[in-house]
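Student: coordinates for the following, if possible.
(chains A, B, C and D)
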Amino acid sequence: MIDKRVASAHAAVADIFDGAAVMIGGFGEAGSPIELIHALIDQGAKDLTVISNNTGTGLVGLAALLRAGRVRKVICSFPKTAGSTVFPDLYRAGKVELELVPQGTLAERIRAGGAGVAAFYTPTAAGTPLADGKELRVFNGREHVLEHGLRADFTLIKGRAADTHGNVLYHRTARNFAPMMATAGHVSIVQAAEVVDAGTLDPESIVTPGIFIDRVVHVPSPALESALNEAGASYP
Amino acid sequence: MIDKRVASAHAAVADIFDGAAVMIGGFGEAGSPIELIHALIDQGAKDLTVISNNTGTGLVGLAALLRAGRVRKVICSFPKTAGSTVFPDLYRAGKVELELVPQGTLAERIRAGGAGVAAFYTPTAAGTPLADGKELRVFNGREHVLEHGLRADFTLIKGRAADTHGNVLYHRTARNFAPMMATAGHVSIVQAAEVVDAGTLDPESIVTPGIFIDRVVHVPSPALESALNEAGASYP
Amino acid sequence: MTTSPSSAAPTGWSREGIAERVAQDIPNGAYVNLGIGIPELVARYVPAGRTLVYHTENGLLGMGPSPAAGQGDPELINAGKRRVTMMPGAAFFDQATSFAMIRGGHLDLSVLGALQVAANGDLANWSTGADDAIPAVGGAMDLVAGVKRVFVMTTHVTKEGEKKLVERCTYPLTGRGVVTRVYSDLAVIDVTPRGFELVELAPGVSFDFVQERTGAPILRNPSR
Amino acid sequence: MTTSPSSAAPTGWSREGIAERVAQDIPNGAYVNLGIGIPELVARYVPAGRTLVYHTENGLLGMGPSPAAGQGDPELINAGKRRVTMMPGAAFFDQATSFAMIRGGHLDLSVLGALQVAANGDLANWSTGADDAIPAVGGAMDLVAGVKRVFVMTTHVTKEGEKKLVERCTYPLTGRGVVTRVYSDLAVIDVTPRGFELVELAPGVSFDFVQERTGAPILRNPSR
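Tutor: Okay, the predicted model is just below:
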């Protein structure tokens, strides 16, 4: 009997420790695991390194985690979406470190980390400031940059449906970084709007096989960042 | 209007040229695109480099292509499945070159080729004869081997269903190498048991997005290597 | 007759005119990534009879137009994080696959904006390098490194009249030698091994008018 | 009492006995890859109340037992290319994903056969290096490089009486320092930084009997 369900978002994130590296799924609000992030804010872990494509908007979700002062460093591709003020303010004040990575390189570094590939050569960013200090090498007459695999202590993602074995389906463009992050987290946690018994999902259509998932939390009606922001919400 | 259908397997492979590198899907008979391979035998191209996990069994499919003397070199992980006699005989006679690659490294090299990753470092095969002559490098205290991306001029694969845009679904463990090979072929050709209009397949469940596929051939009742062999078939 | 830069009156193509001109150059069946903002206009002007497949790097091939205001799905969005729709034949995929399409050279065309384009094809479009700016790059460097052809859509000069087509970029680069062709309000200009080459002038715009507003020589390319 | 190798009578565990012994050491919920051949027997002896998830590297997690003779799907096969079934919760995936599971350390355990295991954990199980052999490796090197724990199931000596647990492998390696534990017909032996260490003797087998058939010293490990 395998059952990866845990009782609540709070139970799922209870062991995230100070200084942990945490991957958080989402591209903008699509795929952002708001309830897991809010549980992490309640839980109190600090000095986190957050690996996520963006930095959140308004005063909820990822932005709220930053605003609570829990994040030491952000690794991302685009930290200044419209409606994003928390990160820019912290960054200008020197209160958060930023490692800027091209979006495709970020995706590939996370995939490599999860796939046991130590490092790879990509043409992206060759000749730009984002290759400064990095090892360069020419393949087929073209300069490539050496990039290293990324792993994290924890991964927090959102799914449309999951089963008790941890198999996950996603919703449209909410999929984005979640499948790779599931592979790269030492402990990978999914919040899913629907949780079903193993054997319910079509084995041909599963996007993230259960081997990559450690904990499944049922969050039946996940909040959306835009709806919370329109309502003027802030967390906590 | 986008319609990648071609009239026949023979039309699909008509421009494969002497000396071409051809990726052929399949793990054993599962996923082996027999009809495309037979059309390639009829077509006559020679001095091919074949990239495929195995070398076929009996006197049909991949084994028949080898037996016809069309293959100069094989890149594979396991060329001696039970029932495989054509390749061993050719190899012992010095009539075909073999590049042996661990199965996971083969998969990753093909993926890298299709994904524009020039090369990567893997721990697989470090300290073994298959790393001889290859560049080694230590990451996190562990020796890794530099492996290069693989591309091909043509890719031949088998799907369960495809649409006119080239989106593909596979059947169970027939999926194996096909999704990566679809990305790494300059011209990627799928034979599918069912061909449907764009918009018919669920966008959440598509395994190979159409951008990776150039030609779709309808082969309604594909032959199975084992069934042909049991019937004592040989091709041509 | 030469018109001095200071007398630059409204002339040449409008934004929509540039978009329409770009659309003419995209063949049926092309896989296209349109950058956020002005490049998105191109989709409105695709000639009848041509079907393009739009890629959005956050994980969708077969993107359709925006839904009606207030409609749509907040988790069906484009790279600009705005709601979109999907077309028949669409497919969803993760970021590693999406950038495999980009980096692996599977997309036929990317249309992007620019801060500067150099005569050697260098592109700067992600940062002015200002000290107080929050650096943000998204998928721009991946797109220019991987997509087969990169078209730039831009005003020929900035609002302040500064040249955007230059000998060498002074802003931080997005990629080296990556631009195929520039579509401005004044002209269509190829980037070639010999530098900028004129393809076409906007209606009512003279070659000299364009050259004066360009920071590097433009070849007239009589062979066209 | 010491028994000389030449008098090696049938003794210790049968194949099935080894498989049963291995199965005892695999916890509930483990993700396991069983090598082709003898290691497959392990699945028959998993204690009641434990559920393992079987991975087959050709692209299935949640593999079930073989179907009845003549039944099954020729495209639902295992890494040995034999027909299998699938269990509730199964998932299909491509080879890159399958080996990401392996190389990325996501599998808890691999049970493999061996030609030789060395006291330093080196494993040789893919080639004898014979000149006329057709080299074939499959996923063996990936498995030993990536899976968290590698159990070897083997007869303690070859049919010809040659030692398989040795000081240093003479056959071409599959991986360096990769073996966690060896289960033979005679004993269970850990591979530790100090070399081979006895875990358990098969019923009726003496330590000396095992040591005489082993090419390197075995520590008796009194702490167990």
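
Student: quick one, what contacts residue 106?
Tutor: Picking chain A for this. Taking C-beta atoms under 8 Å, 6 or more residues apart in numbering or on different chains, we find A:L106 in contact with A:51, A:53, A:75-77, A:150, A:177, C:95. The C-beta positions use only the backbone N, C-alpha and C, and glycine is treated the same way.

Student: actually it's chain C I care about, not the one you picked
Tutor: Counted by C-beta under 8 Å, 6+ apart, C:H106 has contacts B:183, B:211-212, C:31, C:100.

Student: what distance do you get for the closest residue to A:R142 other than its chain neighbours to C:G177?
Tutor: Using C-beta to C-beta, 6 or more residues apart in numbering or on different chains and skipping residues adjacent in sequence, the residue nearest A:R142 is A:P123, 5.8 Å away. Distance of A:P123 to C:G177, computed by C-beta to C-beta, to the nearest Å: 11 Å.

Student: so which of the two has more stuff around it?
Tutor: Shown here are A:P123 and C:G177; by other C-beta atoms under 10 Å in any protein chain shown, A:P123 has more neighbours (23 against 14).

Student: how about low-confidence regions in chain C?
Tutor: Filtered on pLDDT under 70, chain C yields the residue ranges C:1-10, C:221-224.

Student: kindly report the residues of it close to chain B.
Tutor: Proximity of chain C to chain B, by C-beta under 8 Å from any C-beta of the partner chain, involves residues C:28-29, C:31, C:49, C:51, C:53, C:55, C:61-62, C:86-93, C:96-97, C:99-107, C:145-146.

Student: chain A too?
Tutor: A:108, A:112, A:115-123, A:139-140, A:142, A:144, A:148, A:169-170, A:172, A:202-205.

Student: so A:Y235 is in contact with A:G56, correct?
Tutor: No - when contacts are counted by C-beta atoms under 8 Å, A:Y235 is not listed as touching A:G56 (10.5 Å).

Student: now do the shared contacts for those two.
Tutor: Here A:Y235 and A:G56 have A:A64 as joint contacts, going by C-beta under 8 Å, 6+ apart.

Student: those two: which is more packed in?
Tutor: A:G56 (31 against 19).

Student: does the more buried one really touch A:V71, like I thought?
Tutor: No - between A:G56 and A:V71 there is no contact under C-beta under 8 Å: 10.4 Å.

Student: please identify every residue contacting each of these two.
Tutor: Both A:G56 and A:V71 are contacted by A:L65, under the criterion C-beta under 8 Å, 6+ apart.

Student: what's the residue of chain A most remote from its centre sitting at in phi/psi?
Tutor: Distance from the C-alpha centroid of chain A, by C-alpha atoms, centre = their mean, peaks at A:G141 (35.0 Å). The phi/psi pair for A:G141 (degrees, to the nearest 10) reads phi 80, psi 10.

Student: tell me where the chain has helices.
Tutor: You didn't pick a chain, so chain A it is. A:9-12, A:34-43, A:61-67, A:86-92, A:103-115, A:178-184, A:225-230 (DSSP state H).

Student: can you look at chain C instead?
Tutor: Under DSSP H, chain C gives helices at C:15-24, C:95-103, C:140-146, C:207-212.
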